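Undergrad: Structure, please.
(3 chains, ligands or ions: 1)
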Amino acid sequence: MQAKSTLCQIPWNQLNPQQREAVGVLSGPLLVLAGAGTGKTRVVTYRVANLIAHRVPPRRILAVTFTRKAAGEMLARVRRLLRLPKDQGPVVGTFHSLCLDILRRHAQHLGYPKHFVVYDRSDQLSVIRTVLREVVTSGPSFRPADLAAWFSTWKAQGLWPQDASARASDPRTELAAVVYRRYQQALRLAGAVDFDDLLLLVLKLFDEHPAVLQQERNRFEHILIDEYQDTNPPQYRIIRLLAQGHCNLCAVGDDDQSIYRWRGARVEHILQFQRDWPQARIIRLEENYRSTQPILDLANRVIGFNRHRHAKQLRSARGSGPRPRIVAFADPEEEAQAIVSQIAAAVRSRQARPGDFAILFRTNDQIRPFEAQLRQLGLSYTVVGSTSFFDRKEVRDLMAFLQLALPPVNDVALLRVINVPPRGIGTQSVEWLLEQSVQQNRRIWSVMTDSQLLAQLPPRTQKALGEFVRWVEALQARARRRKPSQVLSWIVDTVQYEQEIARVSRTPEEQQGRQMAVQGLLETAAAYEAQEPRPSLRRFLDQMAVEDRTFAKPGQNFSPDEVVLITLHGAKGLEFSRVYLVGVEEGLLPHRHSIAEGQAAVEEERRLFYVGITRAQDVLTLSYCRHRPYRGRKKPCVPSRFLYEAAGQAQLAQQAAAHATQQWNQETPSAEKP
DNA sequence: ATTCGCCCTATTTTT
DNA sequence: TAGGGCGAAT
Ligand SMILES: Nc1ncnc2c1ncn2[C@@H]1O[C@H](COP(=O)(O)OP(=O)(O)OP(=O)(O)O)[C@@H](O)[C@H]1O
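TA: Numbers count the residues shown, from 1 in each chain, chains lettered A, B, ... in the order given. This next block holds a predicted model:
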């Protein structure tokens, strides 16, 4: 274990004996299966560092994390542990960023342009809408969002349209599979891929091009993966294919924290690790360094109600602390008002800082009253995972313009801004373009630049289209070798976007809000440029598509001055000193849809509750409301069965469950599922 | 092209 | 309830 003087030893004293054992295993398959807060992520981080300390070149190590934020933090920690400079370090990323990177290098093998675009959800929906217009549907029509969910479910199982068709057992599913096929064709024509395609296309690439698989296999000597319990089948296959040569695969996870079954994740992947890798070492971690014992007692009690699990008990290394509280409120307004004023009081008396607090909830619409209260009391806060900024019209418009700067021209982006600000290309003209594009199976852009075709149009429209085409060409020329923020400023200037904002705004406040959004996007671009050694517009758009879009300095935690608002799903892997887990009611947690779906879904809700509880380091407060508005009406609610389970009242828990099951089975029409 | 107004439905969780 | 989407009117 002689390290060269430039290489540091890792601080072994920050690990317990089991962690040391795991970190010390330098080759072969390794599984760390352990409960919440037992230091699994620390094992991955230190193990990466230890491999580097043992002369494994950093770029030959791949660490896969669940979120982009987790990736940034892990990379920053590894660098700090080894005092590595900014331009060195292992490859750390999510499955989606890893796959995007692979596809960028090999897309031509699949017949995609090298610079394919990644469609986000709303691009996806707009493609589905277009496709739906050409597909005859008898019976109840499909809603685009539902179809998107079907496609995603299929893709999470690795099914392409022909597979989906083959399996369809009823006419409606068959029809959906037909739309699925047309959707994929439309994406292909547009030179676009959606989020799930990133994974499936990598598998296709590996299946059809063994040489590429070999090349990608050789790239890494070691693979580590965090949150392994939440991998879906395509992700699982990718990892197995990549690790098969060297078998240096370290997976880390907790079956009790598997919360993405609804998105196709399979907890079996972690449970069958030993079978997949017969030589695997399995290490368990027992001690929890995060929470006090009373919090863990509650967590242990609740998760014990799940039938299908590997039994584990969490033991606190931190000892005792205040008992978790369960509080009832009249309605969400009161809940928010009471909790936020408690936080404000603690902050005022300097017992705690805003950043010590996190408010965890099941569904996004629970945020509202909390945001309102926080604003009212003048506390700053951050909504983790919020996309509201990027959903703003101004931001979407400008992002669409930016995409036009890079060929191949993205059809969805093009259609979005083709008449923004109004430039005489109205619905008539757009209809005509769409029609030509469908008939001739060509991209919109190719129709727009075909002077013969355009001759059919009235001169006014021809002129307008011609001018826009010339503007886009100027934009593309301009965008070469310029930074995103420069391109963006040029766009804002030349389309006179600010004048457009002034024109459409009805009040000064509205105008200011819109201007701020533009400003915000400029700042986002600047933040990206500050973070990236060689910024480019392409990289910026890629990152905006699949990565964390805040471009915050990695390794930097949440601001100590902001209360954190976050969903239970978003909170996985995080920790906070004081946690409020709100809205713990039958119908919300467990969610009514899960109750209607059955026991497996309810067990997942219980795991979600368990994840929430185990985020708390010091103080945990669970709350529920007696009434909550649902579909515009105030409805009475009862405490969640999980609260009774937490209190050890199995009997009452069962009563609550039985009652709710009956209620939600009646009221919830069963959702269509392929 | 824009705006008004009516109707309808509802996101559970997200890379 | 409220917000979005769509059709009709200006
Ligand atoms: N050996 C140790 N000694 C002291 N603190 C530790 C040790 N290992 C981990 N920790 C701390 O315990 C907390 C939980 O660690 P970590 O996030 O790695 O756990 P985890 O098992 O990944 O948790 P989860 O499953 O909930 O995501 C962190 O604050 C970490 O810094």
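Undergrad: Which residue would be the closest one in chain A to the ligand?
TA: Closest residue of chain A to the ligand, C-beta to the nearest ligand atom: A:Gly39 (2.8 Å). Backbone N, C-alpha and C define where each C-beta goes, glycine included.
Undergrad: Verify the stated contact: that residue with A:Leu285.
TA: Yes. Between A:Gly39 and A:Leu285 a contact is recorded at 5.9 Å, counting by C-beta atoms under 8 Å.
Undergrad: Give me the below-cutoff pLDDT ranges for the stretch 351-500 of chain A.
TA: For the stretch 351-500 of chain A, no stretch has pLDDT under 70.
Undergrad: those helices in it, which residues are they?
TA: Assigned by DSSP state H, counting those that start in this stretch, the stretch 351-500 of chain A shows helices spanning A:367-376, A:393-404, A:411-417, A:427-440, A:444-448, A:451-454, A:459-479, A:484-494, A:497-504.
Undergrad: what sits up against stretch A:493-509?
TA: A:394, A:397-398, A:401, A:420-421, A:471, A:474-475, A:491-492, A:511, A:514-515, A:518 (C-beta atoms under 8 Å, 6 or more residues apart in numbering).
Undergrad: With distance to DNA strand B added, can I get the helices of the stretch 351-500 of chain A in TSV?
TA: Listed next are those as TSV, based on distance: least, C-beta to the nearest atom of the strand, whole Å:
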stretch	distance to DNA strand B
helix A:367-376	9
helix A:393-404	13
helix A:411-417	13
helix A:427-440	6
helix A:444-448	16
helix A:451-454	18
helix A:459-479	10
helix A:484-494	18
helix A:497-504	7
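Undergrad: mind checking which of those is nearest DNA strand C?
TA: helix A:367-376 (9.0 Å; C-beta to the nearest atom of the strand).
Undergrad: can you pull the buried residues of the closest one?
TA: Judged by neighbour count using 16 or more other C-beta atoms under 10 Å, the buried positions of helix A:367-376 are A:Ile367, A:Pro369, A:Phe370, A:Glu371, A:Gln373, A:Leu374.
Undergrad: And for stretch A:599-612?
TA: Neighbour-count burial for stretch A:599-612, with 16+ other C-beta under 10 Å as criterion, is recorded at A:Ala601, A:Val602, A:Glu603, A:Glu604, A:Glu605, A:Arg606, A:Arg607, A:Leu608, A:Phe609, A:Tyr610, A:Val611, A:Gly612.
Undergrad: Which helix or which strand is home to the second one?
TA: Put plainly, it is A:Val602. Here A:Val602 sits within helix A:599-613, counting by DSSP states H and E.
Undergrad: roughly how far is the helix or strand that comes right after that helix from the heart of the chain?
TA: Moving toward the C-terminus from helix A:599-613, the next helix or strand (DSSP H and E) is strand A:616-625. Distance of strand A:616-625 from its chain centroid, counting by C-alpha atoms, centre = their mean, to the nearest Å, is 25 Å.
Undergrad: next one: stretch A:246-264
TA: Mean-position distance between stretch A:246-264 and its chain equals 16 Å (C-alpha atoms, centre = their mean).
Undergrad: so where is chain A shaky, pLDDT-wise?
TA: A:1-7, A:136-140, A:548, A:550, A:552-557, A:665-674.
Undergrad: Would you mind naming what in chain A lies close to DNA strand B?
TA: Within reach of DNA strand B by C-beta under 7 Å from any atom of the strand, chain A has these residues: A:66-68, A:94-96, A:121, A:143, A:145, A:152, A:195-196, A:262-263, A:362-365, A:385, A:419, A:422, A:424-428, A:504, A:546, A:567, A:569-570, A:591, A:593-594, A:597, A:631-632, A:671.
Undergrad: quick one: which of those sit in strands?
TA: Among those, the residues falling in strands (DSSP state E) are A:Thr567.
Undergrad: Helix, strand, or coil at A:Arg578?
TA: strand (DSSP: H, G, I helix; E, B strand; the rest coil).
Undergrad: Next, count neighbours for the nearest residue to it once chain neighbours are set aside.
TA: Spatial nearest neighbour of A:Arg578, excluding adjacent residues (C-beta to C-beta, 6 or more residues apart in numbering): A:Val619 at 4.2 Å. Using other C-beta atoms under 10 Å, A:Val619 has 22 other residues around it.
Undergrad: Tell me the residues of the stretch 301-450 of chain A that contact DNA strand C?
TA: Counting by C-beta under 7 Å from any atom of the strand, no residue of the stretch 301-450 of chain A is near DNA strand C.
Undergrad: so which residue of the stretch 301-450 of chain A comes closest to DNA strand B?
TA: A:Gly426 (2.0 Å).
Undergrad: How about the contacts made by the residue nearest to that residue when sequence neighbours are not counted?
TA: Ranked by C-beta to C-beta, 6+ apart and with sequence neighbours excluded, the top spatial neighbour of A:Gly426 is A:Asn419, at 6.6 Å. A:Asn419 is in contact with A:Ile425, A:Gly426, A:Val430, counting by C-beta under 8 Å, 6+ apart.
Undergrad: ok, and the most crowded of those?
TA: Busiest of the contacts of A:Asn419 [other C-beta under 10 Å] is A:Ile425, holding 19 neighbours.
Undergrad: and the gap between that one and DNA strand C?
TA: 17 Å (C-beta to the nearest atom of the strand, to the nearest Å).
Undergrad: Run a quick check on that residue versus A:Arg460, I expect a contact.
TA: No. Taking contacts as C-beta under 8 Å, A:Ile425 lies outside contact range of A:Arg460: 10.0 Å.
Undergrad: okay, now the domains of chain A?
TA: If you go by automatic domain parsing, the domain ranges for chain A are A:2-102+A:201-285, A:117-190, A:293-387+A:555-672, A:389-534.
Undergrad: and the second one, how far out from the chain's middle?
TA: This points to domain A:117-190. For domain A:117-190, the distance to the chain centre is 21 Å (C-alpha atoms, centre = their mean).
Undergrad: What is the end-to-end distance of it?
TA: Start-to-end span of domain A:117-190 (C-alpha to C-alpha, to the nearest Å) is 8 Å.
Undergrad: Return the backbone torsion pair for the residue nearest to A:Ile282 when sequence neighbours are not counted.
TA: Closest residue in space to A:Ile282, ignoring its immediate chain neighbours: A:Leu31 at 4.8 Å, by C-beta to C-beta, 6+ apart. With angles defined as degrees, to the nearest 10, A:Leu31 sits at phi -120, psi 130.
Undergrad: Report the beta-bridge partners for A:Leu31.
TA: Beta bridges link A:Leu31 to A:Ala251, A:Ile282 when assigned by DSSP bridges.
Undergrad: how about it, what does it touch?
TA: A:Leu31 neighbours (C-beta under 8 Å, 6+ apart): A:Tyr228, A:Cys250, A:Ala251, A:Val252, A:Ile270, A:Phe273, A:Gln274, A:Trp277, A:Ala280, A:Arg281, A:Ile282, A:Ile283.
Undergrad: State the distance from the fifth one to DNA strand B.
TA: What that stands for is A:Ile270. Where DNA strand B is concerned, A:Ile270 sits at a distance of 18 Å (C-beta to the nearest atom of the strand).
Undergrad: OK, now which residue of chain A is nearest to DNA strand C?
TA: A:Gly632 (2.8 Å).
Undergrad: how deep is that residue tucked in, by neighbour count?
TA: 6.
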